[in-house]
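Undergrad: my questions are about this predicted structure, shown below with the sequence.
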Amino acid sequence: MKVDQCLFGYEDGHRLLASSIPLGDEISLLTELSDVAPGAVFGDSDGYWTGLPVASLGRYALMRTWPAPEMARPGCVWTHALLIDPIFLETVDDLSVLQFAVVRPTSAEGMSGYREKVHLKRTESSSRLNVTDDKLVAPLLAALYETMSSPIEILRPGELDAALFAVWSQQWPKLRRNFRFQTAASRTIKSANPVRFDVTALLVPARNSSNEADINRPAWLTDAVNDIRKGNSGVLRVFLWHYGRDVRRQRGSFRPLTEIHRLNSHADSTTVEYLSHLIYEAFPDARDAYCLKQDLVDGLLVPAIQTKLLLTILSGDKQAASLMPLPSSVGMERLINAWPSESNDFLTLIEITECDDDPLVWNLHQTLMRAACTHDFWNLSKAHPVVQSLMVKYSPDLLFTAKVLPNDDRLADLICHIPLHAEGLERFVSTLLVKHNDRLIENIFQRFPELTASCVIAGLSCGVILGSSPWMISLCHHPHLLLNDSILGRVPRTRILFDIAVHLGWFTQEVMEVGISPWLQALLKSENDVQGQDMEVLACFLLVLACHSGNEEGLNIVELFYNAIHKKIMDADLCNRAAELLYPHLPEIGWFRNWDVGLRFRLLIANAFVKHRWAYERFISLGKGNNGRILLAEAISEVPGGDVYLDEDEY
């Protein structure tokens with residue numbers, strides 16, 4: 001690669017002697033820097049280095065200054081400057097090759113060679129330091145990236161050169177292009193320079209022992225020194241070159257980047273907190289070190305803490321969270337692999353992302369939810385009730401198909417979050433009929449009333465539950481659900497119908513308001529397995545309800561049970577339980593006649609016919625034989641308006 005160059009020296013004063021390009025406005029600065037540095041001591045060294053960016057030229061100026069004792073005027077120097085295109089600094093691993101490109105002139109003649117571009121070779125030498133000659137590397141690194149102090153103590157002129165080129169080679173391109181240094185040895189700190197150098201050299205008579213400094217050397221500095229020793233094969237510099245490309249502060253980013261590189265292979269329980277603090281302090285803008293931040297949240301860097309890092313970011317204040325990106329698709333894939341090994345942090349992350357209004361955070365939440373949909377979710381999420389509730393909303397089937405359900409109390413809470421029309425809901429409710437937790441049962445009835453009522457009736461039909469089951473009792477506590485044709489009409493056996501009437505409390509307000517219709521439907525469709533006294537009780541209940549309700553359904557019940565119950569009464573054979581249920585509803589006919597229960601029963605029926613205007617023919621047909629019809633006629637004759645049932649033509 002060819003680069004421009006120029007030469008400075010003495011010719012009636014220190015001046016530019018030759019150049020391959022016009023220097024423009026920068027000629028005065030470069031001329032001043034190319035002259036002998038104030039207080040410079042050459043000693044056994046043949047010269048020193050100066051390096052700095054020259055913005056107006058778009059070049060980096062690397063200058064080598066030699067003493068020129070052959071000149072007539074004392075203190076003269078030669079300075080050869082390489083004007084390097086910044087792209088060269090990005091493509092050369094070892095910048096020590098630049099040391100071989102500078103040439104000291106031998107006389108004032110022969111300047112023509114400096115008016116042409118010079119060819120630079122990329123692989124001419126290596127600046128890798130041996131363990132024995134790196135005493136200045138650690139102080140130089142510390143001065144550059146920790147104390148930010150310029151003077152480096154040296155024992156002799158030229159001692160700093162090798163270490164400086166090694167440290168310069170370690171830097172990433174943008175840091176390289178902005179590196180300002182001068183290795184001229186001086187016994188005093190220079191207070192006035194035309195350029196603020198990052199590195200200068202200070203001659204001292206002796207240097208303190210490095211043993212104590214080595215022992216107390218911070219880890220980041222040790223890593224940086226070791227990387228210098230490895231030269232181009234160092235892994236730290238690969239890391240620095242990759243992640244240093246988009247940092248805002250150049251020198252200020254070296255140390256935090258080096259510390260993060262160390263965390264990549266030395267993570268422990270304190271890593272997340274330390275890393276978060278480091279990121280917020282060193283890179284306090286969302287775009288600052290964006291590549292690094294993205295790889296951290298994606299788990300490509302310090303992968304062991306990806307979940308905990310995201311948890312720290314998203315659980316903090318929004319301003320701090322805004323400094324970090326969310327995982328990319330690659331990061332999402334790595335993140336879901338944290339389930340179930342990091343289940344606690346994973347579930348906490350689901351919880352804190354649920355209410356965020358940021359679409360990207362919501363996408364993260366949905367991804368986490370999908371990943372957690374595994375058979376072991378319920379066992380792993382016992383300490384996370386909020387996430388369990390979210391999962392029921394998101395994927396109710398995960399609950400419906402669980403091999404081991406949460407305990408009954410927790411399940412009672414989760415019921416409230418199941419979507420109303422979830423697929424497989426009826427099958428799931430049916431599986432719960434074996435449970436006897438009152439709170440669970442009540443919550444299911446509250447959440448899915450009609451469905452649960454149907455499942456209970458179906459459970460009664462197949463014998464999964466009995467008439468005395470808590471489910472049956474709870475259903476009876478919801479008479480508005482039970483007392484309709486679609487539910488009560490599905491009762492398979494009259495024994496269940498009898499139990500329902502018992503649990504309902506017989507003639508409650510709700511029962512009387514609904515009337516006889518659902519009971520008749522159930523009676524017609526059910527298998528009769530009630531006999532004896534229980535059938536007497538059921539018949540009396542239905543007769544009283546029929547007389548109260550009217551309608552065709554009520555008349556059908558009267559026709560079905562009148563004669564059987566009337567005969568029991570007339571034979572004084574009605575069981576006590578049936579009598580206790582029936583007698584309070586019989587009409588009062590005076591103290592002297594109330595003993596005639598048969599007459600009172602017939603009056604109950606006659607009153608119902610008149611009240612509900614049931615057909616004459618069906619009234620007459622109730623009685624069995626002449627005596628039966630005569631008894632009915634006598635009863636209806638006592639009922640106001642009953643005379644129409646005595647005159648067929650008039651009716």
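TA: Noted; the coordinates are in hand. Numbering: from 1, shown residues only.
Undergrad: what about stretch 38-58, average pLDDT?
TA: Averaging the model's pLDDT scores along stretch 38-58 yields 93.
Undergrad: now do that stretch: distance from first to last residue.
TA: 27 Å (Cα to Cα, to the nearest Å).
Undergrad: quick one: that stretch to chain centroid distance?
TA: With Cα atoms, centre = their mean, to the nearest Å as the basis, stretch 38-58 stands 56 Å off its chain's centre.
Undergrad: that stretch: which residues count as buried?
TA: Ala40, Phe42, Ser45, Gly47, Tyr48, Trp49, Thr50, Gly51, Leu52, Pro53, Val54, Leu57 (16 or more other Cβ atoms under 10 Å). C-beta coordinates here come from the backbone N, C-alpha and C atoms, glycine included.
Undergrad: same question for stretch 196-209.
TA: Phe197, Asp198, Val199, Thr200, Ala201, Leu202, Leu203.
Undergrad: my read is that the fifth one contacts Pro151, right?
TA: If I follow you right, that is Ala201. Yes. Between Ala201 and Pro151 there is a contact at 7.1 Å, judged by Cβ atoms under 8 Å.
Undergrad: sort out which residues of the helix or strand where Trp378 lies are buried, please.
TA: For Trp378, the element it lies in under DSSP states H and E is helix 377-380. For helix 377-380, burial by neighbour count (16+ other Cβ under 10 Å) applies to Phe377, Trp378, Leu380.
Undergrad: if you rank every helix and strand of the protein by mean pLDDT, what lands last?
TA: Within the chain, judged by mean pLDDT, DSSP states H and E, the helix or strand with the poorest mean is helix 211-215; its value is a mean of 58.
Undergrad: okay, helices next: where are they in the stretch 301-450 of the chain?
TA: 306-315, 318-321, 329-336, 343-353, 359-372, 377-380, 385-394, 396-400, 408-415, 425-431, 438-447, 449-462 (DSSP state H, counting those that start in this stretch).
Undergrad: what residues of the fourth one count as buried?
TA: Taking 16+ other Cβ under 10 Å as the basis for neighbour counts, the residues of helix 343-353 that come out buried are Ser343, Asp345, Phe346, Leu347, Thr348, Leu349, Ile350, Glu351, Thr353.
Undergrad: tell me the helix or strand right after the lengthiest helix in the chain.
TA: Assignment by DSSP state H gives helix 551-570 as the longest helix of the chain. Next along the chain after helix 551-570, taking DSSP H and E as the criterion, comes helix 576-582.
Undergrad: in terms of secondary structure, what does that next one contact?
TA: Applying 3 or more Cβ pairs under 8 Å, 6 or more residues apart in numbering; DSSP states H and E, one finds that helix 576-582 contacts helix 532-549, helix 551-570.
Undergrad: between these, which gets nearest to Glu580?
TA: Smallest distance to Glu580 across these (Cβ to Cβ): 8.9 Å, for helix 532-549.
Undergrad: distance from that closest one to the middle of the chain?
TA: On Cα atoms, centre = their mean, the centre of helix 532-549 falls 61 Å from the chain's centre.
Undergrad: just the residues contacting that helix, thanks.
TA: Under the criterion Cβ atoms under 8 Å, 6 or more residues apart in numbering, residues 494-495, 497-498, 501, 506-507, 511-512, 515-517, 519, 523, 530, 553-558, 561-562, 564-565, 568, 574-575, 577-579, 581-582, 585, 604-605, 607-608 lie in contact with helix 532-549.
Undergrad: make it 7 Å
TA: With contacts defined as Cβ atoms under 7 Å, 6 or more residues apart in numbering, helix 532-549 is touched by 494, 498, 501, 506-507, 511-512, 515-516, 519, 530, 554, 557-558, 561, 564-565, 568, 574-575, 577-578, 581-582, 585, 604-605, 608.
Undergrad: now do stretch 178-192
TA: With Cβ under 7 Å, 6+ apart, stretch 178-192 has contacts from 37-41, 43, 48-53, 151, 154, 157, 160-161, 164, 168, 171, 195-203, 250.
Undergrad: could you rerun that using 6 Å?
TA: 37, 39-41, 48-53, 151, 157, 160-161, 168, 195, 197-201, 203, 250 (Cβ atoms under 6 Å, 6 or more residues apart in numbering).
Undergrad: out of those, list just those in helices.
TA: Using DSSP H, the members of the contacts of stretch 178-192 that fall in helices are Asp161, Trp168.
Undergrad: doesn't Gln388 make contact with Ser381?
TA: Yes. Counting by Cβ atoms under 6 Å, Gln388 is a contact partner of Ser381 at 5.2 Å.
Undergrad: returning to what we had before: between the buried residues of helix 377-380, which is nearest Leu30?
TA: The nearest one, if we look at these relative to Leu30 and count by Cβ to Cβ, is Leu380, at 68.3 Å.
Undergrad: circling back: kindly export the helix holding Trp378 (C-alpha atoms) in PDB.
TA: The C-alpha coordinates for helix 377-380 follow below in PDB (Å, rounded to 0.1, in the frame of the first residue of the first chain):
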ATOM      1  CA  PHE A 377     -45.100 -26.000  33.700                       C
ATOM      2  CA  TRP A 378     -47.500 -26.500  36.600                       C
ATOM      3  CA  ASN A 379     -44.900 -28.200  38.800                       C
ATOM      4  CA  LEU A 380     -42.300 -25.500  38.100                       C
END
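Undergrad: pLDDT on that helix, on average?
TA: In this model, helix 377-380 has an average pLDDT of 94.
Undergrad: check what contacts that helix and list those residues.
TA: Here helix 377-380 has contacts from Pro340, Ser343, Ala402, Pro406, using Cβ under 6 Å, 6+ apart.
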